[in-house]
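**Q** A structural model of the following input is requested.
(one chain, ligands or ions: 2)
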Amino acid sequence: MSEVRWKKIEEILDEKRTDETVHLHGWIYRTRSSGNIAFTVIRDVTGTIQATVKKGNLPDNEFEDAKKALIESSVELKGIVKEDKRAPEGYELQVKGFNVVNFAEPFPIVKDQSPEFLLDQRHLWIRSQKLTSILKIRSTAVGAIHKFFRDRGYFEFDAPILQPNQCEGGSTLFEVKYYDNKTYLSQTWQLYAEAAVFSLEKIYNMGPTFRAERSKTSRHLSEFWMAEMEAAWMDLHNVTEIAKEEVKFILSEVLKHNKRELNLLKQDINKLQHIAESEFSTITYTKALEILNEKENMNVQWGKDLRTIEENKLMNHFDTPIVVTNYPLEIMAFYKPKDPDDPKTALCFDMIAPGEYGEIVGGSQRNLDVEDMEKKLKESGENIENYEWYFDLRRYGSVPHSGYGLGVERVVAWICGIDNIKDAIPFPRTILRFRP
Ligand code: 4AD
Ligand code: MG
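**A** Ligands and ions are numbered 1, 2, ... in the order given. You can find the predicted model right below:
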């Protein structure tokens, strides 16, 4: 078989070479047969094509195998390309050879099964058209993030995954036994990135991130991938503009490479194209409360964080992602500094996606005031000795610096228009699920 030139389905459909004999390998996506004919639909990574198997066109034993083979059987076909107006793709194969590589057992997944069942069967469901499309888009998004930063002179920098400190709140730490000690899984790359910007100046990373989230929402995973950047000499405004550019770049790369997948997911391509070409607004938290009050008749007390419901209502008034800056200082992490021009607020931002996808990016300028950070950490019950190394960064040639983290699954979920973040990662981990 080594000399066979295997064609991809997309090639066959693009080339439209009627009467050409082609070799194809893939999996049976659908099949039905009656008497002397079997209609199969074959899938490979690039698409699906109908293959008609008629007794007499191929050896009898292969015809019998074709009739017998159940969906998800893996097959090698030889066939002649024929135009067929009735076939979903306009072309089909008249099968001349049908070799079953593996006869699949009855596939456990049939139509209309519950999300929980599909999660139990994730190792099989991952080959569905829906998940295949999402995973291709995810791959484009991840590639785009690397390209975005590398093209702009950022170095890729890796931080440890096992970390002795919290950064985003002690309550979501995953504790790990570490020999006779204990440590935690990374909640963010940030603290280590702050050490590195004093040499590499502009850095980025994309890595696994862990948070023991207690809430069951359609936005939270316990293990997710965060794409973060950190840069010396940059302020809040600089990084919000980079975050906007990055999100637009990811979107435009997906639009360039994944139209077919977006169509399969029934996404409105024109709408996404419009977003990729639009300006994203920046407003303050205070302004956001005004919009909620005036246009949604919602009274949020100044000082309270925006909840899901408020973010969703706010996004009724925007059709692109927006940046919200200057959240109340009181409720922000220790590393977010006071805004000297508005001291009740912090020099920080979230980017919120349109629709009901919520926060896709979070970041800030970094606090340079060691005493202030010590005070905040003490208040939240932290042992400040563990942060001495971090405070050192403020003692030896510190400069203003800023950064942010983008939730890869949040962005993928938004671009794909899927209703649960669990479908934006191959094998989701949540409070209720760590298998398969
Ligand atoms: O806003 P967060 O918590 O920010 C940080 O961790 C900063 N240290 C990043 C930085 O400045 N370098 O998280 C950043 C993003 C959020 O905007 C969200 O998109 C995503 O990470 N995220 C989650 N995604 C899925 N599941 C979760 N449990 C998430 N928690 C945060
Ligand atoms: Mg955040």
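**Q** what mean pLDDT does stretch 210-220 get?
**A** Mean per-residue pLDDT for stretch 210-220: 93.
**Q** around ligand 1, which positions in this protein sit nearby?
**A** For the chain, the contact set with ligand 1 under Cβ under 6 Å from any ligand atom comprises 167-168, 188, 190, 211, 213, 220-221, 224, 226, 228, 359-363, 403-405, 407, 409-410. Using the backbone N, CA and C atoms, a C-beta is placed for each residue, glycine as well.
**Q** can you say which of those residues are buried?
**A** 167-168, 188, 190, 211, 213, 220-221, 224, 226, 228, 359-363, 403-405, 407, 409-410 (16 or more other Cβ atoms under 10 Å).
**Q** quick one: low-confidence parts of the stretch 251-400 of the chain?
**A** Within the stretch 251-400 of the chain, no range satisfies pLDDT under 70.
**Q** so how many other residues sit close to Trp302?
**A** 10 (other Cβ atoms under 10 Å).
**Q** hmm, Pro328 and it touching each other?
**A** Yes: contact criterion Cβ atoms under 8 Å: Trp302 and Pro328 qualify, at 7.1 Å.
**Q** any idea how far His237 is from Asn312?
**A** 27 Å (Cβ to Cβ, to the nearest Å).
**Q** does the nearest residue to Arg30 once chain neighbours are set aside lie in a helix or a strand, and which?
**A** Nearest non-adjacent residue to Arg30, counting by Cβ to Cβ, 6 or more residues apart in numbering: Val41, 4.2 Å away. Per DSSP states H and E, Val41 falls inside strand 37-44.
**Q** and that strand, which strands flank it?
**A** If you go by DSSP bridges, strand 37-44 pairs up with strand 21-34 (antiparallel), strand 47-54 (antiparallel).
**Q** in that strand, which residues are buried?
**A** Ala38, Phe39, Thr40, Val41, Ile42, Arg43, Asp44.
**Q** same check, this time on stretch 274-291
**A** Buried-residue list, stretch 274-291, by 16+ other Cβ under 10 Å: Ile275, Ala276, Phe280, Thr282, Ile283, Thr284, Tyr285, Thr286, Ala288, Leu289, Ile291.
**Q** just stretch 212-220 next, same as before
**A** Applying 16+ other Cβ under 10 Å to stretch 212-220 flags Glu213, Arg219, His220 as buried.
**Q** kindly report the same for stretch 328-341.
**A** Buried residues in stretch 328-341, counting neighbours by 16+ other Cβ under 10 Å, are found at Pro328, Leu329, Met332, Ala333, Phe334, Tyr335, Lys336, Pro337, Lys338, Asp339.
**Q** cool, and stretch 122-133?
**A** Going by neighbour count (16+ other Cβ under 10 Å), the buried part of stretch 122-133 is Arg122, Trp125, Arg127, Lys130, Leu131, Ser133.
**Q** the fourth one and Leu265 touch, don't they?
**A** Yes: assessed by Cβ under 8 Å, Lys130 is found in contact with Leu265 at 7.0 Å.
**Q** surely Leu200 touches Glu156?
**A** No: Leu200 is beyond contact range of Glu156, at 9.6 Å (criterion: Cβ under 8 Å).
**Q** neighbour count winner among these two?
**A** Legend: neighbour count by other Cβ under 10 Å for Leu200 and Glu156, higher for Leu200 (16 against 12).
**Q** doesn't that one belong to a helix?
**A** No: counting by DSSP: H, G, I helix; E, B strand; the rest coil, Leu200 is not part of a helix but coil.
**Q** for it, which non-adjacent residue is closest in space?
**A** Phe155 (4.7 Å).
**Q** what bridges to the one you found?
**A** Under the criterion used (DSSP bridges), Phe155 bridges to Ile203.
**Q** the stretch 201-350 of the chain: helices as residue ranges?
**A** 236-257, 259-264, 269-276, 285-296, 308-314 (DSSP state H, counting those that start in this stretch).
**Q** can I get these in JSON lines with distance to Ser139?
**A** Below are the helices of the stretch 201-350 of the chain laid out as JSON lines (distance: least, Cβ to Cβ, whole Å):
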{"stretch": "helix 236-257", "distance to Ser139": "9"}
{"stretch": "helix 259-264", "distance to Ser139": "10"}
{"stretch": "helix 269-276", "distance to Ser139": "17"}
{"stretch": "helix 285-296", "distance to Ser139": "34"}
{"stretch": "helix 308-314", "distance to Ser139": "28"}
